[in-house]
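1. Next come a sequence and a model predicted from it.
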Amino acid sequence: MKIIVIGLNWLGDIIMSLPALVAASQAGETHVVTRPHLAEVYSLFELPLHVHAIATNAWPHEVFKQLRPLRRLAAERAIVLPDSLRAAMLAKACGTTGSIGYAAQWRSLFLDRALAKPVEFTKIHEADLHYDLCREAGLSNEMTRPTLKKYGCSDTEFADLAAKLGLPARYLVMAPGAAFGAAKRWPPALFAALADLVAANMKLPIVITASASEQTIVDEICGNSRAYLISAAGRTSLRELGCLLSRAEALVANDSGTMHLAALYQTPTVVPVGPTDMIRTGPLNPNFAAVTASGVCPIAPCRQRTCPRHDHACMLAIPPEAVYAELVRLTGGSDAA
């Protein structure tokens, strides 16, 4: 069987779709349609996937031309993961007569099977919703999604990265950015205070990772902390970031792609959480803890990019000591704070 999967558009979302990709790849020859800047993500999964990097924001006739190899496949199934009209149209343009996805935004016009989401879908993890599409398409008979295996990086890869960044043998990683929006960012001053707690009690150096565009956040943390900090901002590829996380003692991150990437390596991860609904989009990581400030905001989790109340209260109210306590619990580190 030949299967086309219309992929998702954010790093974290793609990682949450991994159980569905596992099911598809076990059922047949699987081809994934994704945007060019996301193609590298799929190489991390060690699955027999055929990845097609398609510039879906191009003019329609250009997109149609790019999809020509997929139409030649005459695929029997197309799994449409994004809840967008564009994704359903892409599946239709691939020429399959067995497309399936969730009904919304007039998508039924382009899908061969448009499923209604469960009534209480807001209480269901996105990974389960993605996997259920594969099950409904006949790609798996298992009622529950497969558990992710633990990934890793080779000693050679890590040695090269350690030489590049000047990494010590043991370290903790902080990821203070969040590409989705400012509402998800725990303030840099609180990251700095946490870094001081880690340095004083766990005696670990800290590697700060962020995109090049988030350098000012990194600079603020470095300027307000007395800890031994190593900046990796803008200095790693996606695969190198994965390698960095795979050998870390722990990660403290905002709700971000880095948080989800750490799930591949089961890195102990602590996340200050305000506007995010972790029931739906928490990482697929057995070594994960969310720290929240309950009762501070009546509309949390609001799931917004920017704080609708403009006071960022749900994140400001999370103390570094609470995040540190979860680090100690997950890692067995010092509790001298």
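-> Alright, I've got the coordinates.
2. Now residue 329: which helix or strand?
-> Per DSSP states H and E: residue 329 is located in helix 320-331.
3. so how far is that helix off the chain centroid?
-> Mean C-alpha position of helix 320-331 versus that of the full chain (C-alpha atoms, centre = their mean, to the nearest Å) differs by 22 Å.
4. Which strands and helices lie in contact with that helix?
-> Packing partners of helix 320-331 (3 or more C-beta pairs under 8 Å, 6 or more residues apart in numbering; DSSP states H and E): helix 188-197, strand 269-272, strand 288-291. C-beta: built from backbone N, CA, C; applies to glycine.
5. And stretch 121-140, end to end?
-> Start-to-end span of stretch 121-140 (C-alpha to C-alpha, to the nearest Å) is 21 Å.
6. residue contacts, residue 210?
-> Listed by C-beta atoms under 8 Å, 6 or more residues apart in numbering, the contact set of residue 210 reads 175-177, 217-218, 232-234.
7. same deal with residue 177?
-> By C-beta under 8 Å, 6+ apart, the contact list for residue 177 reads 185, 210-211, 214, 217, 254, 256, 258.
8. Please narrow the residues you listed to those residing in helices.
-> Of the positions in the contacts of residue 177, 217, 258 sit in helices, assigned by DSSP state H.
9. export the contacts of residue 177 to CSV and tack on pLDDT and distance to residue 30?
-> Output for those, formatted as CSV (pLDDT from 0 to 100; distance: C-beta to C-beta, whole Å):
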residue, pLDDT, distance to residue 30
185, 89, 35
210, 94, 33
211, 92, 30
214, 92, 34
217, 94, 38
254, 95, 32
256, 94, 27
258, 96, 26
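10. Save the contacts of residue 177 as TSV, and put in distance to residue 274 too.
-> As requested, the contacts of residue 177 are exported to TSV (distance: C-beta to C-beta, whole Å):
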residue	distance to residue 274
185	9
210	19
211	21
214	18
217	16
254	9
256	13
258	17
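11. Pick the one among the contacts of residue 177 closest to residue 332.
-> residue 258 (22.8 Å; C-beta to C-beta).
12. Can you get me a residue count around the residue nearest to the closest one when sequence neighbours are not counted?
-> Of all residues not flanking residue 258 in the chain, residue 175 sits nearest, at 4.0 Å (C-beta to C-beta, 6 or more residues apart in numbering). Using other C-beta atoms under 10 Å, residue 175 has 27 other residues around it.
13. if I look at residue 175, how far off is residue 223?
-> Here residue 175 is placed at a distance of 18 Å from residue 223 (C-beta to C-beta, to the nearest Å).
14. one step back: most neighbours of all the contacts of residue 177, which one?
-> The most crowded member of the contacts of residue 177, judged by other C-beta under 10 Å, is residue 258 (28 neighbours).
15. Does it touch residue 242 like I think?
-> No - Residue 258 is not in contact with residue 242 according to C-beta atoms under 8 Å; the separation is 9.6 Å.
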